[in-house]
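In: Sequence first, then the predicted structure:
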Amino acid sequence: MTSNNTVLRCDQLVKQYQVGPEPIRVLDELELHLSEGDWVSVVGASGSGKTTLLNMLAGLDVPSSGKVLWGEQDINELSEKQLGELRNRHLGFVYQFHHLLAEFTACENVAMPLWIQGVKKKEALSQAQNMLEKVGLGKRSTHKPAELSGGERQRVAIARALITQPALVLLDEPTGNLDAHTAQDIQHLIAQLNQELKTAFVVVTHDLAFSRLAKTSYQLLDGKLQVLEALA
């Protein structure tokens, strides 16, 4: 799906909405290039288009113009079936709220994407256990979400996002619902996983300190990504 070390590119990406007589342009010929192992953070005011951008990268929303390219493939030319396969095999998602399934254990929640792929139950659970070990939750694998703390649930969500060894993980305010100490633990975990794995990360956050842990930190302003190096 990708070529060389390039994971994804945005080429003159535009998204605008018709609100009243004048269109509102949320993304304005935005450019972004992600390579294997990149870690990019995006900050911006509420309503600036951060979540819209993530939805574009995942093919969950269609651009008004421009392209989102996986390798040389424009993902908006894929069928719904092909998009679903891309998301399952090559993309991981982590949200502000963990979205774990309450009736399943931590290990079962992490294994779910593998089951969807058709991996046998025993093998999927074994891989899920290994991933929970990697995020520091090996001893909590049989607990259901209600039996876990907020930080533990988010670690499970991160493990689930990584279980298919995706090329890219999108994280939308992954620490926004956590207390400061727990948020810092999750931030350090993301930094550690980025160093260990070849997965690219795109993190949307309001936390400037967290954003500056990334290899490249952007501000989304007036529909374009501006590097925040000058503010570091």
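Out: Received, thanks. Computed from a predicted structure; not experimentally measured. Numbers count the residues shown, from 1 in each chain.

In: Okay, helices next: where are they in this protein?
Out: Under the criterion DSSP state H, helices of the chain are mapped to 50-57, 80-90, 106-117, 121-134, 150-162, 180-196, 208-211.

In: how about JSON lines for those helices, with mean pLDDT added?
Out: Shown next, in JSON lines, are the helices of the chain (pLDDT from 0 to 100):
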{"stretch": "helix 50-57", "mean pLDDT": "89"}
{"stretch": "helix 80-90", "mean pLDDT": "84"}
{"stretch": "helix 106-117", "mean pLDDT": "92"}
{"stretch": "helix 121-134", "mean pLDDT": "92"}
{"stretch": "helix 150-162", "mean pLDDT": "89"}
{"stretch": "helix 180-196", "mean pLDDT": "85"}
{"stretch": "helix 208-211", "mean pLDDT": "86"}
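
In: I'd like to know which of those helices is closest to residue 143.
Out: Closest to residue 143 of the helices of the chain, according to CB to CB: helix 106-117, at 5.7 Å. C-beta coordinates here come from the backbone N, C-alpha and C atoms, glycine included.

In: Can you list the buried residues in that closest one?
Out: Of the residues in helix 106-117, 106, 107, 108, 109, 110, 111, 112, 113, 114 count as buried by neighbour count, 16 or more other CB atoms under 10 Å.

In: For the last one, which non-adjacent residue is spatially closest?
Out: If you skip the residues right next to it in sequence, residue 114 has residue 124 as its closest partner in space, 3.8 Å away by CB to CB, 6 or more residues apart in numbering.

In: Contact partners for the one you found?
Out: Listed by CB atoms under 8 Å, 6 or more residues apart in numbering, the contact partners of residue 124 are 111, 114, 115.

In: Any chance you could list what contacts stretch 22-34?
Out: Counting contacts by CB under 8 Å, 6+ apart, the residues outside stretch 22-34 that touch it are 6-18, 40, 48-49, 52-53, 56, 63, 66, 168, 200, 202, 222-225.

In: again, 6 Å this time
Out: 7-10, 12-17, 49, 52, 200, 223-224 (CB atoms under 6 Å, 6 or more residues apart in numbering).

In: any idea how far residue 117 is from the most centrally placed residue in the chain?
Out: Nearest to the mean C-alpha position of the chain, by CA atoms, centre = their mean, lies residue 170 at 1.1 Å. Distance, residue 170 to residue 117, by CB to CB, to the nearest Å: 19 Å.

In: ok, now residue 48?
Out: Relative to residue 117, residue 48 is positioned 35 Å away (CB to CB).

In: got it, and residue 74?
Out: 24 Å.

In: what does residue 207 give?
Out: Between residue 207 and residue 117 the distance, using CB to CB, works out to 33 Å.

In: Not counting sequence-adjacent ones, nearest residue to residue 151?
Out: Leaving aside its sequence neighbours, residue 151 sits nearest to residue 182 (CB to CB, 6+ apart; 3.8 Å).

In: Let me fix that, I meant to ask about residue 37.
Out: Leaving aside its chain neighbours, residue 37 sits nearest to residue 198 (5.0 Å; criterion: CB to CB, 6+ apart).

In: just residue 160 next, same as before
Out: Once flanking residues are discounted, residue 160 sits nearest to residue 110: 4.7 Å by CB to CB, 6+ apart.
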